[in-house]
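> Okay, structure incoming, though there's no sequence with it:
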């Protein structure tokens, strides 16, 4: 059994699944390890004692510590999950690397500073520590099937894309940039629009125009104070493919002869199907286990995360500042 240390005991560590039935598909780290098998939750590190105790009780974690230093003294660990708040990531990754686990499963963004992220990914490579980063859709079976279909030409050429996100270009924008890289190819900033601080005061959402593997993608933003949104639509020669509700559902329209205008081609009626996003976190744990025990390639690596973060930082740098009268009070 691979011994796991989880750093941070908040929502993504297990809190988002705490009230769900034990048989529900896992959305977070702790239940994903338990469902996947081959792991044991050896320890957690969390400074809030009440939160730490509740987390240990809910997920059957063997030992709990207030700091990573205390956890390090009780190691070693095969896998370390970094689930702490984003500002803590750099220090926690440093601490995790010092323990020399076989793999680290980190939340995104890796750190708040691209130079730190690059340094830590390089240090992990030098130390022989595998790094997986939780750009979750990389593990969703339907997203992986779509990526293969696009590569094989099943949909013809991809002509363009449209996307919308909320809750910060660094925090949620990187999910989108990574998804575009996976589906279409390397992402390059063409232009950025006006920033909107819709959730994080230091991480605004920013609309932008991107080039993804030669495909133009227009990205707009919502406002997380109204509701969360993460969606992507691709326009191909065969029709349109749209990811809705963050991947919980998909909508497709296929090219047909126009019923209204003879000689024209048009898009037919929408076909909606459930997405397989909820399978992604379990698939991530299975992939991590195979990477550690068999040397299997990781679906999302530190280098993948660096590429997405580099685009996010370019968008932030090029953003038009938010109007004063539109800033949240």
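Perfect, I can see it now. Note that the structure is predicted; figures quoted are calculated from it, not measured.

> make it CA atoms for all contacts and neighbour counts henceforth
Fine.

> Might you report the residue contacts of the spatially most central residue of the chain?
In the chain, the residue lying closest to the centroid (Cα atoms, centre = their mean) is residue 135, at 2.2 Å. By Cα atoms under 8 Å, 6 or more residues apart in numbering, the contact list for residue 135 reads 107, 108, 175, 178, 179, 300, 305.

> With residue 249 as the reference, measure out to it.
Distance, residue 135 to residue 249, by Cα to Cα, to the nearest Å: 18 Å.

> if we can go back for a sec, ramachandran angles for the residue nearest to the centre of the chain?
Here the main-chain torsion angles of residue 135 (degrees, to the nearest 10) amount to phi -80, psi 90.

> That one and residue 178, how far apart?
Relative to residue 178, residue 135 is positioned 7 Å away (Cα to Cα).

> shared neighbours of the two, anything?
Residues touching both residue 135 and residue 178 (Cα under 8 Å, 6+ apart): residue 305.

> Break down the stretch 101-250 of the chain into its helices, ranges please.
If DSSP state H, counting those that start in this stretch is used as the criterion, the helices of the stretch 101-250 of the chain fall at 114-127, 141-152, 174-183.

> Highest mean neighbour count across the ones you listed, which stretch is it?
Of all the helices of the stretch 101-250 of the chain, helix 174-183 carries the top mean neighbour count, a mean of 24, counting by mean count of other Cα atoms under 10 Å.

> between that helix and helix 141-152, how big is the angle?
Going by axes from the mean of the first three to the mean of the last three Cα atoms, to 10 degrees, helix 174-183 is angled at 40 degrees with respect to helix 141-152.

> quick one: average pLDDT of helix 174-183?
For helix 174-183, the mean pLDDT works out to 98.

> ok, and what's touching it?
By Cα under 8 Å, 6+ apart, the surrounding residues in contact with helix 174-183 are 108-109, 135-138, 146-147, 150, 165, 186-187, 212-213, 304-305, 307-309, 311-312.

> what's the answer for stretch 241-261, then?
For stretch 241-261, contacts defined as Cα under 8 Å, 6+ apart pick out 137, 229-235, 238-240, 263-278.

> so can I have TSV of the contacts of residue 135 showing distance to residue 75?
Putting these into TSV (distance: Cα to Cα, whole Å) gives the following:
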residue	distance to residue 75
107	21
108	25
175	32
178	33
179	35
300	26
305	27
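
> As CSV, the helices of the stretch 101-250 of the chain with distance to residue 36 would be great.
Listed next are the helices of the stretch 101-250 of the chain as CSV, based on distance: least, Cα to Cα, whole Å:
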stretch, distance to residue 36
helix 114-127, 25
helix 141-152, 16
helix 174-183, 24
